[in-house]
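J.: need a 3D model of the following:
(one chain, ligands or ions: 1)
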Amino acid sequence: MCGIVGYSGKADAAPVLLEGLARLEYRGYDSAGIAVLNCGAFSVVKRKGRVDALAEARSLPGHLGIGHTRWATHGAPCERNAHPHVYRNICIVHNGIVENARALRAECEVRGEAFASETDSEVIAHLVAFSYGQRGDLLAAVHAACQKLRGSWAIAVMCSDLPARIVCARMRSPLIVATGKEECLIASDVPAVAAPGRLVYVQEDGEYAQVDGGHVAFYDAALRPVSKRPVACDPHTDLPQKGGFTHFMAKEMSEVPQALLHSAIGEDDRQYLQLFKVLCQTQYIYIVACGTAYHSGLCAKLAFEEFARIPAEVCFASEFRYRTPIFPKNSLVIAVSQSGETADTLAAASLAKACGIRVLAVVNVPHASLTRLADHCVYTDAGREVAVAATKSFQAQLASLYSLAALAAKARGRQAPSLAGLPALARETLAVSQAVRAWTPYFVGARSVFFVGRGADYCAALEGSLKFKEITYLPSEGYPAGELKHGTLALVDASTPVVVVLTCRRLAEKTLNAVHEVSARGANVFLVTNFSCDTGGNVRAGVLLPRCEEAYSPALSVIPLQALAYYVALACGNDPDKPRNLAKSVTVE
Ligand code: AGP
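T.: Numbering: from 1, shown residues only. Next up is the predicted model:
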């Protein structure tokens, strides 16, 4: 989703901003821009499309600047709506959504102010300019403007009167400040600015930061100074490399075995004992998450119930945040998120905290907002995931969540199967999954595609379907195999590819009923299984995976589904790394 970069220092700002924006490209965006201040005037270059299109801005003179990648919410993705927005002597970039923008815009228009864009963000430039005109102090003006906003924001503001100053504000959208030798950088994400020798500070909700060359000062919501400590983070954040693969998605799928290996929690892990204690006390689990993370939660629910006999409920975070949930005694909320910045997941976790419930975060990105909000944190160790479509992070979440289920089982004197063999099995699965490339012609141009299964296979089917629609733009649905006949079967005809996931042996006959039902309607059936079964000649093609513990099978069965989505996306001429309309980190509601 939108990205922010800012620079104040001795170097030329423009190249630093462009480099930072390039590092944020993975988040997903549809336009980009930078503004540099020189001799009291802003030079602004904005373009629809990629950061590359800003190349001409590289030579802009000036040592102070802000930049932005925009993912359209209010107003079409076009140059006019791209950030930065300038109004009078004020220039701003904004991530988030100003929910009361219409009312605020009307207020400004009453004062005779004209707007240049359709965005909600531009109103911030107007509010700051108005307050600055009254107060003559940029920090106080940004503070006054923020008092009027509803919604979420990370803002960086420059004033043409102040040659080295950027003021930042944050509410429910991430923002960090990095200090180096006689320079300060701001960004929405650590990789944009982290480098050896720089210290990174995380701004909290409601806080303000004022940057002047190499100096930064932080203030609380009442503008009282606050002192902050830098956080430890990896300074080696070079631009991510594809490492010989054509796409990040292909590279990240190939990293699934390592993700499984590194994300499992072992007895020698630092937080093992603490988690054991937490799970000893836990009698009810809510898992809150979105998208792929929601699907890993569905898989984990089955493991918590089967191995630990703890009841678990999985909720879309976007729904949970507006519920009035009943928390049984000793409930634990597990918030799962690759980015740790998903607005809905953060809100769901905040709701639980406000109700006095402990929150355990399962997160892949260090220092993410969710890790600071949670009482306990498990880092999945998938490594950086760049492709918008989550792949290795799904399996990493499974490894962490299955480990938690095993720990919860142990806490109750029960035993869960070992996860130790999964990475090697994942390697085998990656090899056999190449076969799905041959299925591609049956899927390209399909009116609708179904992914079906039962139990854990149904969870895998849901994730396979999400991946498929996300990058192929073809309609698809994940469905419980047993439910087809209750309505959805009406959609199936000879043009419908149906992918059946079947690793759950005890339900094999039942799942095979679905194979017969859809093939009787002429559908082409593609089978993902790990045992040989009699399909009565009703299957067009299949892939045979290595056997694994039934409850853990989604960690493997999703691999050919990820590969299928990837190959079909390529055949459709789509860029699988940057699907249209989608962002890696969904920081707005
Ligand atoms: C998955 O391929 C998606 N890009 C999306 O569903 C994602 O999983 C979801 O937005 C949640 O993101 P998070 O894990 O960073 O919270």
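J.: and this protein, which residues reach the ligand?
T.: With C-beta under 6 Å from any ligand atom as the criterion, the chain meets the ligand at residues 290-293, 337-339, 342, 345, 388-390, 470, 585-586. Every C-beta, even on glycine, is put in place using the N, C-alpha and C of the backbone.
J.: how about 5 Å then?
T.: Contact residues, the chain versus the ligand (C-beta under 5 Å from any ligand atom): Cys290, Gly291, Thr292, Ala293, Ser337, Gln338, Ser339, Thr342, Ala389, Ala390, Val586.
J.: what's the closest of those residues to Gly214?
T.: Nearest to Gly214 out of the residues of the chain next to the ligand is Ser339 (C-beta to C-beta; 30.0 Å).
J.: wait, the closest one touches Asn364, no?
T.: Yes - between Ser339 and Asn364 there is a contact under C-beta atoms under 8 Å: 7.3 Å.
J.: low-confidence regions, this structure specifically.
T.: Within the chain, the stretches with pLDDT under 70 are 234-239.
J.: next one: the top helix by length along it to chain centre, how far?
T.: Longest helix in the chain, counting residues (DSSP state H): helix 392-411. Distance, stretch centre to chain centre, for helix 392-411: 20 Å (C-alpha atoms, centre = their mean, to the nearest Å).
J.: Val500 and Thr529, how far apart?
T.: 8 Å (C-beta to C-beta, to the nearest Å).
J.: list the residues that contact Pro163.
T.: Leu37, Gly40, His63, Leu64 (C-beta atoms under 8 Å, 6 or more residues apart in numbering).
J.: go again with 7 Å.
T.: Leu37, Leu64 (C-beta atoms under 7 Å, 6 or more residues apart in numbering).
J.: phi, psi for it please.
T.: Main-chain dihedrals, Pro163, degrees, to the nearest 10: phi -70, psi -10.
J.: any figure for the gap between it and Gly213?
T.: Relative to Gly213, and taking C-beta to C-beta, Pro163 is found at 9 Å.
J.: quick one: contacts of whichever strand or helix holds Ala347?
T.: According to DSSP states H and E, Ala347 maps onto helix 343-354. Helix 343-354 is touched from outside by 152, 172, 288-290, 317-318, 320-321, 333, 335, 337, 359, 369-370, 373-374, 586-589, with contacts defined as C-beta under 7 Å, 6+ apart.
J.: so which of the residues you listed are in helices?
T.: Ala317, Ser318, Phe320, Ser369, Leu370, Leu373.
J.: would you agree the fifth one is in contact with Ile334?
T.: Looking back up the chat, that one is Leu370. No - under the criterion of C-beta atoms under 7 Å, Leu370 makes no contact with Ile334, lying 11.2 Å away.
J.: in terms of neighbours, single out the busier of those two.
T.: Ile334 (29 against 24; other C-beta atoms under 10 Å).
J.: quickly note the distance from the more buried one to Gln415.
T.: Ile334 is 21 Å from Gln415, by C-beta to C-beta.
J.: nearest spatial neighbour of the residue in the chain that the ligand sits nearest to, skipping sequence neighbours?
T.: Closest contact between the chain and the ligand, by C-beta to the nearest ligand atom, is at Gly291 (1.8 Å). Of all residues not flanking Gly291 in the chain, Leu466 sits nearest, at 6.5 Å (C-beta to C-beta, 6 or more residues apart in numbering).
J.: over to Lys301?
T.: Excluding the flanking residues, the one nearest Lys301 by C-beta to C-beta, 6+ apart is Ala312, at 4.2 Å.
J.: my read: Lys48 touches Ala32, true?
T.: No - contact status for Lys48 versus Ala32: not in contact, 8.6 Å apart, counting by C-beta under 7 Å.
J.: closest to the centroid, which residue in this protein?
T.: The centre of the chain sits closest to Ser585, judged by C-alpha atoms, centre = their mean, with a distance of 3.4 Å.
J.: on that earlier part again, out of Val500 and Thr529, which sits in the more crowded spot?
T.: Shown here are Val500 and Thr529; by other C-beta under 10 Å, Val500 has more neighbours (27 against 23).
J.: how far does the host helix or strand of that one sit from its chain's centre?
T.: Element membership of Val500 [criterion: DSSP H and E] is strand 497-502. Remark: strand 497-502 is offset 27 Å from the chain centroid, using C-alpha atoms, centre = their mean.
J.: from the contact counts, what lies against it?
T.: If you count contacts as 3 or more C-beta pairs under 7 Å, 6 or more residues apart in numbering; DSSP states H and E, strand 497-502 packs onto strand 449-453, helix 456-472, helix 508-520, strand 524-529.
J.: closest to Pro230 out of these?
T.: Among these, helix 456-472 sits nearest to Pro230 (C-beta to C-beta), with 36.4 Å.
J.: each with direction, which strands does the next helix or strand after that closest one pair with?
T.: Downstream of helix 456-472, the next assigned helix or strand under DSSP H and E is strand 476-480. Paired strands of strand 476-480, with direction, are strand 449-453 (parallel) (DSSP bridges).
J.: using CSV, list the CA coordinates for the strand it pairs with.
T.: Extracted in CSV, the C-alpha atoms of strand 449-453 (Å, rounded to 0.1, in the frame of the first residue of the first chain):
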residue,chain,number,x,y,z
VAL,A,449,-12.6,-22.3,-11.4
PHE,A,450,-13.3,-24.3,-8.3
PHE,A,451,-10.9,-25.6,-5.6
VAL,A,452,-12.5,-28.1,-3.3
GLY,A,453,-11.5,-30.4,-0.4
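J.: any idea of the angle it forms with helix 508-520?
T.: Put simply, strand 449-453 runs at 160 degrees to helix 508-520, going by axes from the mean of the first three to the mean of the last three C-alpha atoms, to 10 degrees.
J.: what comes into contact with strand 449-453?
T.: Against strand 449-453 from outside (C-beta under 7 Å, 6+ apart): 443, 460-461, 464-465, 468, 474, 476-479, 481, 484, 496-502, 511, 514, 561.
J.: same question, stretch 49-57
T.: Ala14, Leu18, Leu21, Ala22, Glu25, Ser31, Ala32, Ile34, Val45, Arg47, Thr69.
J.: name the residues of stretch 295-312 that are buried.
T.: Buried residues in stretch 295-312, counting neighbours by 16 or more other C-beta atoms under 10 Å, are found at 295-304, 306-308, 310, 312.
J.: swap in stretch 127-134?
T.: So for stretch 127-134, counting by 16+ other C-beta under 10 Å, buried means Leu127, Val128, Ala129, Phe130, Ser131, Tyr132.
J.: can you name the residues in contact with it?
T.: Contacts of stretch 127-134 (C-beta under 7 Å, 6+ apart): 87-90, 92, 104, 138, 141-142, 144-145, 148, 157, 159.
J.: and those, which of them are in helices?
T.: Filtering the contacts of stretch 127-134 for helices - DSSP H - leaves Leu104, Leu138, Ala141, Val142, Ala144, Ala145, Lys148.
J.: chain neighbours aside, what residue packs nearest to the fifth one?
T.: Spelled out, it's Ala144. Nearest to Ala144 is Ser131, by C-beta to C-beta, 6+ apart, at 4.1 Å.
J.: and the angle for the strand or helix carrying the one you found with helix 138-148?
T.: Ser131 belongs to helix 122-135 when assigned by DSSP H and E. Here helix 122-135 runs at an angle of 130 degrees relative to helix 138-148 (the same axes, to 10 degrees).
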